[in-house]
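[1] Okay, sequence plus prediction incoming.
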Amino acid sequence: MKPSMALQNREETIRETVRRFRVCNPRVFGSVLHGTDSEGSDLDLLVDPLPETTLFDLGGLQITLEGLLGVSVDVVTPGDLPERFRGAVVLEARPL
């Protein structure tokens, strides 16, 4: 399944799942946002960490979403993105 279809079919589930982890403001970026995703693409999800967010939260969110959606998911924070294109990704990312 294409990640864009998984997103379309389960967007509310994704929002509910994000709320269970210590992150906020989930946004989509990358190939799904641009409409160029394929069967082998992943769902790129940008989230904002809270002061108490740990790597376990980010990894747990990724694993949980992959299980729910049946597609690869890449969960990153703005700080995880290389500085040279961080601003562009943050500006174009679409909120869920």
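    Okay, I see it.
[2] in the sheet, who's paired with the residue minimising distance to the centre of the chain?
    Central residue of the chain (C-alpha atoms, centre = their mean): Leu45, 1.4 Å from the mean position. On the basis of DSSP bridges, Leu45 is bridged to Val28, Val75.
[3] Now do the same for it: its pLDDT.
    You'll see Leu45 listed with a pLDDT of 97.
[4] Would you mind measuring from the residue of the chain positioned farthest from its centre to Gly30?
    In the chain, the greatest distance from the average C-alpha position (C-alpha atoms, centre = their mean) is reached by Arg84, at 19.8 Å. Distance of Arg84 to Gly30, given as C-beta to C-beta, to the nearest Å: 16 Å. Yep, even glycine has a C-beta here, placed from its N, CA and C like the rest.
[5] Then Arg10?
    According to C-beta to C-beta, Arg10 and Gly30 sit 17 Å apart.
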